[in-house]
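Novice: Give me a 3D structure for the following:
(chains A and B)
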Amino acid sequence: EAGVTQSPTHLIKTRGQQVTLRCSPISGHTSVYWYQQALGLGLQFLLWYDEGEERNRGNFPPRFSGRQFPNYSSELNVNALELEDSALYLCASSGVSNQPQHFGDGTRLSIL
Amino acid sequence: QQQVKQSPQSLIVQKGGISIINCAYENTAFDYFPWYQQFPGKGPALLIAIRPDVSEKKEGRFTISFNKSAKQFSLHIMDSQPGDSATYFCAASKSRDDKIIFGKGTRLHILP
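Specialist: The predicted structure follows:
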């Protein structure tokens, strides 16, 4: 069974730019979660999508947004990039009926 | 507000010893307590999880102890091996598929 896949693995951007990160969940999983793992801040919940709808949102500014497609894959968009957005962005997925979350290996985003 | 507090920040254990990581939580609505293991360059992997109606859960060399009244839980790694060297995160959520609140992580190093 293929795990959660994320692309790209690494990305370098400059301040003010926009970025899109992509996630494909485990086959059969309908929920997708996004987390930010920044140095010194640990893992922080960003967004939760289920069946195409945003279910919950963490304490992040509106320039962090996303969506989930009919095939359950997801995108995370970050506008007006700031230096502190440098982090590992992790995607996780879970199946129906209260299943645990399984993580991908993340996208390393560096802001210059 | 740090809802899940984890200690120690780092831990060095001799091969064959017992590694112990402690966590405390604040929100009594949490109903699911997973532990994740993360190796460098990889995403977190679910190691073991417990619900608050159980005081202990064991899977191989890994044991979670849970004290609901004290709002504390811990991970014990018996017969620690160099391959266990990784960062461990305790976490909590209101259900398996709800957002996860992570502790800050413990960097474990097992001496050969």
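Novice: Is the one helix or strand A:Leu90 maps to positioned near chain B?
Specialist: Following DSSP states H and E, one finds A:Leu90 within strand A:87-94. Yes - Strand A:87-94 reaches chain B (C-beta under 8 Å from any C-beta of the partner chain) through A:Leu90, A:Ala92, A:Ser94. Just so you know, the C-beta spots here come from the backbone N, C-alpha and C atoms, and that holds for glycine as well.
Novice: A:Gly104 against B:Gly43, yeah?
Specialist: Yes - assessed by C-beta atoms under 8 Å, A:Gly104 is found in contact with B:Gly43 at 5.2 Å.
Novice: Identify the contacts common to these two.
Specialist: Common contacts of A:Gly104 and B:Gly43 (C-beta atoms under 8 Å, 6 or more residues apart in numbering or on different chains): A:Val4, A:Leu90, A:Ala92.
Novice: residues near the residue in chain B positioned nearest to chain A, how many?
Specialist: Ranked by C-beta to the nearest C-beta, the top residue of chain B for proximity to chain A is B:Gly43, at 3.7 Å. Residues near B:Gly43, counting by other C-beta atoms under 10 Å in any protein chain shown, number 22.
Novice: ok, and the closest non-adjacent residue to it?
Specialist: In space, and not counting its chain neighbours, B:Gly43 is closest to A:Phe103: 3.7 Å by C-beta to C-beta, 6 or more residues apart in numbering or on different chains.
Novice: Touching, the one you found and A:Cys23? I think so.
Specialist: No - between A:Phe103 and A:Cys23 there is no contact under C-beta under 8 Å: 10.2 Å.
Novice: neighbour-wise, which of those two wins?
Specialist: Neighbour count, other C-beta under 10 Å: between A:Phe103 and A:Cys23, A:Cys23 has more, with 27 against 24.
Novice: distance of the residue nearest to the more buried one when sequence neighbours are not counted from A:Val4?
Specialist: Leaving out its chain neighbours, the residue that sits closest to A:Cys23 by C-beta to C-beta, 6+ apart is A:Cys91, at 3.5 Å. Distance from A:Cys91 to A:Val4, counting by C-beta to C-beta, to the nearest Å: 6 Å.
Novice: Repeat that for A:Leu88.
Specialist: Taken as C-beta to C-beta, the span from A:Leu88 to A:Val4 is 14 Å.
Novice: same deal with A:Lys13?
Specialist: 23 Å.
Novice: burial count for B:Pro112?
Specialist: Residues within reach of B:Pro112, counting by other C-beta under 10 Å, total 7.
Novice: Would you mind listing the residues in contact with the residue nearest to A:Thr14 when sequence neighbours are not counted?
Specialist: Leaving aside its chain neighbours, A:Thr14 sits nearest to A:Leu112 (5.1 Å; criterion: C-beta to C-beta, 6+ apart). Contacts for A:Leu112 (C-beta under 8 Å, 6+ apart) come out as A:Ile12, A:Lys13, A:Thr14, A:Arg15.
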